[in-house]
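A.B. asks: Let me see the structure of the following:
(chains A, B and C)
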Amino acid sequence: MTSRPIATTRSVMGVPTGRLAVWWVLASETVLFGGLLGSYVMMRLRHGAWADQAANTNTWTGAFNTLVLLTSSLSAVLAHQAAERADGPKAARLLRYTILGGGVFLSVKAWEWTHEITEGFTITSSLFWSFYYTAAGLHAAHVVAGMVIMFIVSLTAARNEELHRVENVGIYWHFVDVVWIFLFPLLYIAK
Amino acid sequence: MSGLASHPAVHHDRGFVTYLWSTDHKVIAMQYLFTGMLMALIGGFAVYVFRMQLAFPGQSVPLFGRVSSGQYNSLVTMHGTIMIFWVAMPVLLAAFGNFLIPLMLGCDDMVFPRVNRLSYQVFLLSAVVLVASFAVPGGAFGGAWTAYPPLSANAAYNLTRYGATLWVVAVALEFVAFLLGGINFITTAMNSRAPGMRMFDVPIVVWMIVIASILFMASVGPLIAGAVMLVFDQVLGTGFYDPATGGDPILWQHLFWFFGHPEVYVVLLPAMGIVAEVIAVFSRKKLFGFRTIVYTAVATGVISFFVWAHHQFVAGIDPRMASLFTITTLIISVPIAEMVFCYIATLYGGSITLATPMLWALAFVAEFLLGGVTGIFLGAAGADIYLHDTYFVLAHFHYTFFPIAIIGAFTGITFWFPKMFGRMMDERLGKIHFWVTIIAFNVIFIPLFITGAAGDHRRIFDYSGFPDLATPGLQRLRITATMGLVSLLAVQPVFFYNFIRSMVRGPIASANPWRANTLEWSAPSPPPHGNFAELPVVYRGPYEYSTEDREEDFWPQHLPDDSPTPVASVGDRRSA
Amino acid sequence: MISWYVTQASSYAADVDDLFLLIALIVGAFFLAAELVLFWLIVKFRARPGVKARYLAGEKTSETKWVSYPHYLVLVFDIIIVAAALRVWFDVKIDLPPAEERVRIIAQQWAWTFVHAGPDGQLDTADDIRTVNVLNLQVNRLYHFELHSKDTLHSFSVPAFRLKQDAVPGRSIVGWFRPTVTGEFDIQCAELCGIGHGLMAARVRIRSAAAQAAWMETAPRMPQLAAVTPAVTARRGER
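C.D. replies: Here you go, the predicted model:
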């Protein structure tokens, strides 16, 4: 494969290139979720009747999932610390706990959605639910993507290689967490 | 065969597969360029067919047959969609961005070569999906490139069920491709400049491409969200845009144009950057007000986020909002005007050579001026009540988009061809192609300003049903426009012939045939894998032309301060 | 300039045309000046043997003034145009003079239905007159229109009035016009609405008061079909 170009080793801004790239990715993701959630908020304000639908979301499940994500972000932070101390295998292990947290999040969500769908709250049953599944679904897709990337990073980290990637994937994971922190009140608490 | 084919990549030597799987930014640039050029043929064929229908309604169009009203809508939709997303963006942003940025910054490649390769692969996939939509039952999407719901969300309305979904998927993939590409452009430009290269030593075209990439990344998100909602409406039966379920068709319009307006600057800025480079080189002058140009480009980018609803003046938005958007829309004309004035001022006191690239660059300024001033009519809400959705709008945006996508592309291709392929293009063929294209372009669109002001509304396949419009005078204008188009298309083979023949058998180009300052001209023509034998160090800005007290009228960026400009290594291929 | 091609048939048509002319004069002057300067510079500064170009960065005020002053001038003229444009916009789209009569316009794929108030001057009464693809108006009478769509977006466009308004399903959009000349003019749909978009041609017929009264005598009544749109049925209390 191609060896890494010299261009990658330069750092005129003083910020490592990989981290700079992740921040730019997050900027575009922010507008993506911002657009979706902004649309949701505007429509929600116009449709008071959606409160009846929103009453059927399970706040406790949402809260539990929030806790799960926050905990997984904690292990991502610890993974970064381990990477800083050049302890690749430990960082890899902590990253895998984060992946596990993501897995728990998705499992809970799967159970939650199954329950809601069997109750008749499908993506087409009301525009509230359309937004609910679309927003949470887009978020879940980002969780899956994060888990995959994190797994790949953990493989090289375990060999003590490319340890800077641990921080970068951690930053992405924190973003996924932050999006959920906006989703949770909008979808679960605003009733 | 010369060009890249004679420089096999260092790591593989497997011929064709090398080019499919290369991470070299120059190869990726060529992939984008050729794909864009191919898509232009499809977009050009589409407009040929529907303009023939307009000139000779109901008659069989040579190479196509009779055009039904449904096919007309599909052709119009695909022409607009292809030209913006699959021609302007890949050629101006991705091809020139990929080719120039590492070279002009003195790098050996982009900082994320594999992400770069992925971006092209996603882009290619998006093109395949889009072209495939011509072949599905119902045909290509027929809801205009703006895809307003409920028409676009409901197959019972648009009658192009599969085409509509493929269209949304193709556009979404294209967006992902450009997000991936943008990451490379922005981070490479921010972080990987050559030693000694300060912010304002970076050439204007790199600035413009980077600002455009930032604009794109900041504006496309809401439309991706909107596209997800549109696809769900089409496929799952959700009602995001359906009033019957509490949805709102106007929501799409806001999401679309919030992106759509910055998007025009996403393609404008790279074109202006290319034109600026050429004007400086062929007038042997420092770019007038370099910093001003950068600041006005940034200002334009920022203001572009606040003008979007001028596309929606009569759409049913609160009319008081329209007043606000008239003000912001007219304000945006100020920084753009200043940029154009700076370009014109660059010519003052110059030593101008009218080589083919310079002809294109000057034509850009001359034609874009008309596009820019006609925008004022449309931004002024009171006039837009009448002009909205007429051919006046169409003529306005072709006087901006054609300079951007076509003139800008030809400017860049004729200028950097020697660097890309190691050979010179033929000047005589270049000039014939230039003059016929430019004259034909004006013959197409001046009549359309008139038919638009006379009431011709858009996306109509036959005006015979409208007594006020079915007049011989107006039909003569429509036919004139079509004849202009046919001439325009007829002369393009001259360009393709010139392009291919020069690639294969053109005179060998030296490293710096135009006697220019920027770093790409210090690399061989074409540059090998890794670009520079020794990565350059930068000592000055990019536009030190005709500096006083120097013998030569150019002073390359990479030359140490105390050394004279070496003429021997340049090779005199100046054309007049 | 628009009036060279299209009759001015409404009370605000001349205002729109005057705005167009004002903009044309201002931007036309700028455009011509910029092009002339551009071409003059190209000619004057052609490369000549032995003559070197000047080294000008365009950063000193003595140099930048050549760009700054024109660009401030652009700003000044922009403000003039904004003021003129907003005045016309206000008159046509924000202001709503009292109506002498209402007309309901219902757009659908691919025809226009018009519901006229009939001799009693009131909509939604038994003497309403419903037509398809012909709008019947009385000259010099101030109409409010109520614009509806049954399916996709459409746009009610009458070039002779210089009027355009998109029709959005689920909404009833109100506007106004006052025809000022008698005659017959095109009505267009100005928003792509499917394969029949180009077939949505209609006509507006403007008559004198006497002729309009005569038309109303002979026009067929269909009261039970007079007003079938969601907005009206909701108002009536039906589901």
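A.B. asks: Can you give me the distance of the residue in chain C positioned nearest to chain A to C:E101?
C.D. replies: Shortest chain C-to-chain A distance, computed as Cβ to the nearest Cβ: residue-wise this is C:G170, at 12.0 Å. Any C-beta I mention is one placed from the backbone N, CA and C, and that applies to glycine too. For C:G170, the distance to C:E101 (Cβ to Cβ, to the nearest Å) stands at 25 Å.
A.B. asks: Give me the buried positions along the one helix or strand A:R44 maps to.
C.D. replies: Using DSSP states H and E, A:R44 falls within helix A:17-46. Across helix A:17-46, burial judged by 16 or more other Cβ atoms under 10 Å in any protein chain shown covers A:17-26, A:28-33, A:35-40, A:43-44.
A.B. asks: cool, and stretch A:158-177?
C.D. replies: Applying 16+ other Cβ under 10 Å to stretch A:158-177 flags A:158, A:162-163, A:165-173, A:175-177 as buried.
A.B. asks: Please enumerate the helices of the stretch 251-400 of chain B.
C.D. replies: B:290-303, B:319-346, B:356-379, B:381-387, B:391-401 (DSSP state H, counting those that start in this stretch).
A.B. asks: And the residue nearest the centre of chain C?
C.D. replies: C:L163 (2.8 Å; Cα atoms, centre = their mean).
A.B. asks: so the residue of chain C most remote from its centre, which of the three states?
C.D. replies: Here the centre of chain C is the reference, and by Cα atoms, centre = their mean the most remote residue is C:G50, at 58.7 Å. At C:G50 the chain is in coil, as set by DSSP: H, G, I helix; E, B strand; the rest coil.
A.B. asks: got it, and B:M37?
C.D. replies: Quick answer, by three-state DSSP: B:M37 is helix.
A.B. asks: Also C:I187?
C.D. replies: Assignment for C:I187 (three-state DSSP): strand.
A.B. asks: again, but for C:Q165
C.D. replies: Taking three-state DSSP, the label given to C:Q165 is strand.
A.B. asks: Excluding chain neighbours, give the residue nearest to B:I42 in space.
C.D. replies: Of all residues not flanking B:I42 in the chain, B:I82 sits nearest, at 6.0 Å (Cβ to Cβ, 6 or more residues apart in numbering or on different chains).
A.B. asks: thinking again about what came up before, remind me which helix or strand the residue of chain C closest to chain A belongs to.
C.D. replies: Per DSSP H and E: nothing holds C:G170, as it lies in no helix or strand.
A.B. asks: Spatially, what comes nearest to it if we skip its sequence neighbours?
C.D. replies: Nearest to C:G170 is B:P243, by Cβ to Cβ, 6+ apart, at 2.5 Å.
A.B. asks: residue contacts, that neighbour?
C.D. replies: Contacts for B:P243 (Cβ atoms under 8 Å, 6 or more residues apart in numbering or on different chains) come out as B:P249, C:V168, C:P169, C:G170, C:R171.
A.B. asks: Repeat that for B:P467.
C.D. replies: Taking Cβ under 8 Å, 6+ apart, one finds C:D186, C:R203 in contact with B:P467.
A.B. asks: got it, and the one 3 residues further on?
C.D. replies: Listed by Cβ under 8 Å, 6+ apart, the contact set of B:A470 reads B:Y463, B:S464.
A.B. asks: Give me the secondary structure label for it.
C.D. replies: Criterion first, three-state DSSP; result for B:A470: coil.
A.B. asks: tell me the phi and psi of it?
C.D. replies: phi -90, psi 50 (degrees, to the nearest 10).
A.B. asks: Strands along chain C, start to end?
C.D. replies: C:101-108, C:111-116, C:129-132, C:134-138, C:143-149, C:154-158, C:163-167, C:173-177, C:183-189, C:202-207 (DSSP state E).
A.B. asks: For the residue nearest to C:Y5 when sequence neighbours are not counted, grab the count of nearby residues.
C.D. replies: Leaving aside its sequence neighbours, C:Y5 sits nearest to B:A454 (Cβ to Cβ, 6+ apart; 3.6 Å). Close neighbours of B:A454, defined as other Cβ atoms under 10 Å in any protein chain shown, add up to 21.
A.B. asks: need the residues of the stretch 201-350 of chain B near chain C, please.
C.D. replies: Taking Cβ under 8 Å from any Cβ of the partner chain as the contact definition, the stretch 201-350 of chain B meets chain C at B:243-244, B:249-250, B:283-292, B:314-316, B:319-320, B:322-323, B:326-327, B:330-331, B:333-334, B:337-338, B:340-342, B:344-350.
A.B. asks: Any of those buried? List them.
C.D. replies: B:243, B:249-250, B:283-290, B:292, B:314-316, B:319, B:322-323, B:326-327, B:330-331, B:333-334, B:337-338, B:340-342, B:344-350.
A.B. asks: Tally up the residues packed near C:K65, please.
C.D. replies: C:K65: 11 neighbours (other Cβ under 10 Å).
A.B. asks: where does chain B have low pLDDT?
C.D. replies: Low-confidence segments of chain B (pLDDT under 70): B:1-16, B:567-576.
A.B. asks: residue contacts, the most centrally placed residue in it?
C.D. replies: In chain B, the C-alpha closest to the average C-alpha coordinate belongs to B:A88, at a distance of 2.9 Å (Cα atoms, centre = their mean). B:A88 makes contacts with B:V267, B:F401, B:I404, B:A405, as judged by Cβ under 8 Å, 6+ apart.
A.B. asks: Distance-wise, check the second one relative to C:C193.
C.D. replies: Just to be clear, that refers to B:F401. Taking Cβ to Cβ, one finds B:F401 at 25 Å from C:C193.
A.B. asks: who's more crowded, these two?
C.D. replies: Neighbour count, other Cβ under 10 Å: between B:F401 and C:C193, C:C193 has more, with 30 against 24.
A.B. asks: Quick check: that one touching C:L153?
C.D. replies: Yes - judged on Cβ atoms under 8 Å, C:C193 makes contact with C:L153 at a distance of 6.5 Å.
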